[in-house]
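Student: Here is the input, now give the coordinates:
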Amino acid sequence: MSQDFSYSINTIRFDEDYQPSSNTRLTTNFANLARGARRQQNLRDTLRMINNRFNALANWDNPTGDRYAVELNIVSVDIDVAGNGEAFPSIEVLKTDIIDRKTNERIEGLVGNNFSSYIRDYDFSVLLQEHNREQQGFSVPSDFGELHGKIFQHFVHSPIFKAHFSKLPVICLSVSETKVYQRTENKHPILGYEYLPNESSLTENYFKQMGLQVRYFMPANSAAPLAFYFFGDLLNDYSNLELIGTISTMETFQKIYRPEIYNANAAAGERFQPSLKHPDHSLTQIEYDREERSQLAVKQGKFTEEHFIKPYQATLKQWSANFGL
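Tutor: Take a look at the predicted model:
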């Protein structure tokens, strides 16, 4: 490989005192919650929802429903392309840890969960939009997501990732509005019933470039399936508590961000098509600005183009062409 990239990792606790750093993507779900007059109450309520959901799922040897608490850390990854010490914020994920109040044990949870990336903002909000501006109908560039996918895989297999995390990441996202999901008879004791989509989505294909597979499961007492993106074997590589940490965290975020789907008053049936126009849902008391988030994605995509894609274009092209794990 003609040139190798280096990474640096920073972590910050996501708790009721959390304030977004200057490098955090403002479209990131947790950053959106941590602004405004109700920021601290927002955060407190979010963490309470996560803990309650965790204890509801981890209900064995837990008679009072308060044995466990989830601690969250925001993991920010910066990339140095030129080797000159100038780092660009590339990836941001969440890391869960589980506190067992009965044994006073800290149990390592999963890294991944939420997934944020400036380069993804560029791909979806700048590159894809420009590609389709003068097209008849919608299409995707032939190399769409390729650079981002290679950078992600390079980071996950890097020495710095292995030094910080004992297992490969699991990313948990919402289902797609444009797909129909069919429930199967396959039921996992924690993840719940598996659902199959009628076709693959743009997001699925994008994450496939990152080396990730996807499966859809609806845990007990959930309103809708969640999309789990993973390496390896989702059902056997991770413990029950690790999976519950991801479910409780990301289902809580989805109830806040997409209440029409994840806080619906009736659960998904055997055949399910999600919709953000579904009227029969309940709102949480947590404030979230969905419109602001979509506007910021465009701004941050253009920021990436100006400060990462264009300045390092030749280096990135050569690195991508020679990439191999």
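
Student: All the strands of this structure, residue numbers only.
Tutor: 6-14, 68-80, 88-100, 105-117, 170-173, 181-188, 192-197, 213-218, 226-230, 271-272 (DSSP state E).

Student: wait, which of these is closest to Gln41?
Tutor: Comparison of the strands of the chain against Gln41 by Cβ to Cβ identifies strand 6-14 as nearest, at 15.1 Å. (Glycine included, C-beta is placed from N, CA and C.)

Student: in its sheet, what does the closest one sit against?
Tutor: Note on strand 6-14: by DSSP bridges, its sheet partners are strand 68-80 (antiparallel).

Student: what are the C-alpha coordinates of the strand it pairs with, in CSV please?
Tutor: Extracted C-alpha coordinates of strand 68-80, given in CSV (Å, rounded to 0.1, in the frame of the first residue of the first chain):
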residue,chain,number,x,y,z
TYR,A,68,-28.6,-2.8,35.8
ALA,A,69,-27.6,0.6,34.5
VAL,A,70,-26.2,1.5,31.1
GLU,A,71,-23.2,3.8,30.8
LEU,A,72,-22.6,5.4,27.4
ASN,A,73,-19.5,6.9,25.9
ILE,A,74,-19.3,8.7,22.6
VAL,A,75,-16.3,7.4,20.6
SER,A,76,-14.9,9.9,18.1
VAL,A,77,-12.4,8.8,15.5
ASP,A,78,-10.2,11.2,13.6
ILE,A,79,-8.2,10.3,10.5
ASP,A,80,-4.8,11.6,9.5
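
Student: Once you drop chain neighbours, what's closest to Ser201?
Tutor: Using Cβ to Cβ, 6 or more residues apart in numbering and skipping residues adjacent in sequence, the residue nearest Ser201 is Ser176, 4.5 Å away.

Student: surely that neighbour meets Pro274?
Tutor: Yes: between Ser176 and Pro274 there is a contact at 7.1 Å, judged by Cβ atoms under 8 Å.

Student: Looking at these two, which one has more neighbours?
Tutor: Set Ser176 next to Pro274 and count neighbours by other Cβ atoms under 10 Å: Pro274 wins out with 22 against 19.

Student: and the gap between the more buried one and Gln135?
Tutor: 27 Å (Cβ to Cβ, to the nearest Å).

Student: again, but for Asp121
Tutor: For Asp121, the distance to Gln135 - Cβ to Cβ - is 21 Å.
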